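Asks: test case, fold it:
(one chain, ligands or ions: 1)
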Amino acid sequence: MRLDDGRESQNVEDRRGMRMGRAGGIGIGTIVLALVAVYFGADPTEVLQGLQGQAPAGQQQQGPYEEGAQEARARVLVSKVLADTEDTWGAIFAASGRTYEQPKLVLFTDAVQSACGSATTASGPFYCPGDRQVYIDLSFYDELKNRFGAPGDFAQAYVVAHEIGHHVQTLLGISERNTAARQQASGAQANALSVRQELQADCYAGIWAHSANESRQILESGDVEEGLNAASAIGDDRLTQGRVSPDAFTHGTSAQRVRWFKRGLDSGSLDQCDTFGARDL
Ligand SMILES: [Zn+2]
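Replies: Here you go, the predicted structure:
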């Protein structure tokens, strides 16, 4: 995949190296700092308020975070793909008179707090509709390579594009409608609706690949196979085993995921991604 001449997104929020604090955003480190501040004659509440102003609720920075060369490459890739999705979806939304609201992408290590609850690295990358942010621990890419046999930059890019697909579903009201429908449905029906939502996110990831390739010829031979391999090997929302989403559901079969990704890739059209209206997946 060729991303060299792409820009990096301004919407990456780096929370790597931050540790989860206790309830209310005050951890042991903060309390120690406040006590030290008291020792030196400062008002401890100022210290606490100051820190809470800097870090997201419940997370504190534990000193500067140092990334290795491989992680730095992954960070740049994620940032460029995010920028690509901003251009892709910005244009698609504008074409129908809508405004694409760019989401933040949060990098974290070990654990993170989102509006959807706390999550760990084991949750895998995820999108939280509550705060409209994508969360990813870059070490997931090691797992993608070693455990799921899906190495390569296009597979990495696909993961981001799929999560952004969930953001698009949120902006279009699809996620909300589907959540309401699922609440009315039986277990098996609810599961089937979740599968359709996941397959649509795969199709939207295909739209990103279509659009980025049209504008900047990012695809190289073997890339599509690599992305399809990733699509079939992973479920982003392996987070269903974590704490963010308690619902257990599948993402559809490998063949279904590949088919919908390809539909988005070949057509570049939202109309071709109507997994909810499709009789056959
Ligand atoms: Zn998903």
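Asks: if you count neighbours, what's buried in the longest helix along the chain?
Replies: If you go by DSSP state H, the chain has its longest helix at helix 187-216. Using 16 or more other Cβ atoms under 10 Å as the burial criterion, the residues of helix 187-216 that qualify are 190, 192-213. In short, each C-beta sits where N, CA and C put it, glycine included.
Asks: how about the residues of the stretch 51-200 of the chain near the ion?
Replies: Within the stretch 51-200 of the chain, the positions adjacent to the ion are E198 by Cβ under 5 Å from the ion.
Asks: can you pull the contacts of the closest residue to the ion within the stretch 1-150 of the chain?
Replies: Ranked by Cβ to the ion, the top residue of the stretch 1-150 of the chain for proximity to the ion is Y127, at 7.1 Å. For Y127, the contact set (Cβ atoms under 8 Å, 6 or more residues apart in numbering) comprises P103, Q133, V134, Y135, E163, I164, H166, H167, T170, D236.
Asks: show me what contacts the first one?
Replies: Contacts for P103 (Cβ under 8 Å, 6+ apart) come out as N11, Y127, R132, Q133, V134, I164, H167.
Asks: could you rerun that using 7 Å?
Replies: Contacts of P103 were listed using Cβ atoms under 7 Å, 6 or more residues apart in numbering, and they are N11, R132, Q133, V134, H167.
Asks: top of those residues by number of neighbours, please.
Replies: Within the contacts of P103, neighbour counts (other Cβ atoms under 10 Å) peak at V134, which reaches 28 neighbours.
Asks: my guess is that residue meets E163, correct?
Replies: Yes. If you go by Cβ atoms under 7 Å, V134 and E163 touch, sitting 4.5 Å apart.
Asks: what's the overlap in contacts for these two?
Replies: Common neighbours of V134 and E163, using Cβ under 7 Å, 6+ apart, are P125, Y127.
Asks: would you map the strands across the stretch 51-200 of the chain?
Replies: Assigned strands in the stretch 51-200 of the chain, in chain order: 59-61, 104-108, 111-114, 117-120, 126-128, 133-136 (criterion: DSSP state E, counting those that start in this stretch).
Asks: how many residues are close by L138?
Replies: Other residues lying near L138 total 22 when counted by other Cβ under 10 Å.
Asks: can you tell me the closest non-neighbouring residue to it?
Replies: Counting by Cβ to Cβ, 6 or more residues apart in numbering, L138 lies nearest to A74, which is 4.5 Å off, once chain neighbours are set aside.
Asks: how close does the one you found get to T121?
Replies: 14 Å (Cβ to Cβ, to the nearest Å).
Asks: show me which of these two is the more surrounded one.
Replies: Comparing A74 with T121 by neighbour count (other Cβ under 10 Å), the higher total belongs to A74, at 21 against 18.
Asks: for this protein, which element, helix or strand, carries the lowest mean pLDDT?
Replies: In the chain, the helix or strand scored least confidently by mean pLDDT, DSSP states H and E is helix 44-54, which has a mean of 42.
Asks: does the helix or strand that comes right after the longest helix of the chain come close to the ion?
Replies: Downstream of helix 187-216, the first helix or strand assigned by DSSP states H and E is helix 223-233. No. Helix 223-233 stays out of contact with the ion when judged by Cβ under 5 Å from the ion, the minimum separation being 10.4 Å.
Asks: pull the distance from the helix or strand following helix 223-233 to the chain's centre.
Replies: Next in sequence after helix 223-233, counting helices and strands by DSSP H and E, comes helix 254-267. The chain centroid and the centroid of helix 254-267 are separated by 19 Å, computed with Cα atoms, centre = their mean, to the nearest Å.
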